[in-house]
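>>> Model the structure of this input:
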Amino acid sequence: PAGCAAPHGNMAASAVGTAASLVQYVVLRGDLARPPRSWPLGAVVAQACHAALAATHAHGQHPDTRAYLQLGGAMRTVVLEAPDEAALTALAETLRQHNIDHEVWTEQPEDVATCLALRPYPKDQVHQYLKKLKLLK
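Here you go, the predicted structure:
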């Protein structure tokens, strides 16, 4: 009865707090929008959208992804910048070596890696691999 409700309520509050700490990191190549490439803004934004959706789809059954999607308008996404394709590829390899779930988006037919996105993670589990990157501007 009333005494039993408190622990369940605490667990629910804890689960909400955990879900609220989830972040989806998206790492986009900054050189795409600058000369000599000079991609239009819409094309660059599309790369980030593709990568985020690919990561969410590939890891859709993971409990963190499911909890993140249930946040609706409270979802937190952080978009970071990799200076170029080599930096993006190196980051992808580091993430792979540390078993961090992510997806690299490769634009076709150009076969150019443009962006990567992690599945939603608690920030403290992945921040160490991303802390040297700047926010995309």
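
>>> hang on, V104 in a strand?
Yes: applying DSSP: H, G, I helix; E, B strand; the rest coil, one finds V104 inside a strand.

>>> doesn't A51 make contact with it?
Yes: when contacts are counted by C-beta atoms under 8 Å, V104 is listed as touching A51 (7.3 Å). Using the backbone N, CA and C atoms, a C-beta is placed for each residue, glycine as well.

>>> Neighbour count: those two, which is higher?
In this view V104 and A51 are compared by other C-beta atoms under 10 Å, and A51 has more residues nearby, 25 against 19.

>>> which secondary structure element contains the more buried one?
Using DSSP states H and E, the element containing A51 is helix 41-58.

>>> For this protein, give me the ranges with low pLDDT.
Scanning the chain for pLDDT under 70 picks out 1-18, 20.

>>> which residues in it form strands?
The residue ranges that make up the strands of the chain, judged by DSSP state E, are 22-29, 77-82, 102-107, 112-118, 121-122, 134-135.

>>> ok, for G60, nearest residue in space, not its chain neighbours?
Setting aside the residues directly before and after it, G60 is nearest to R66 in space (C-beta to C-beta, 6 or more residues apart in numbering), at 7.4 Å.

>>> What is the burial count for that neighbour?
Using other C-beta under 10 Å, the number of residues around R66 comes to 13.

>>> again with the one 3 residues further on
For L69, the count of nearby residues is 15 (other C-beta under 10 Å).

>>> so it makes contact with M75?
Yes: with contacts defined as C-beta under 8 Å, L69 counts as touching M75 at a distance of 7.4 Å.

>>> how close does H57 sit to A19?
19 Å (C-beta to C-beta, to the nearest Å).

>>> no wait, R119
For R119, the distance to A19 equals 14 Å [C-beta to C-beta].

>>> try R76
For R76, the distance to A19 - C-beta to C-beta - is 10 Å.

>>> Mind checking which of these two has more residues around it?
Each of R76 and A19 had its neighbours counted (other C-beta under 10 Å), and the higher figure belongs to A19 (20 against 14).
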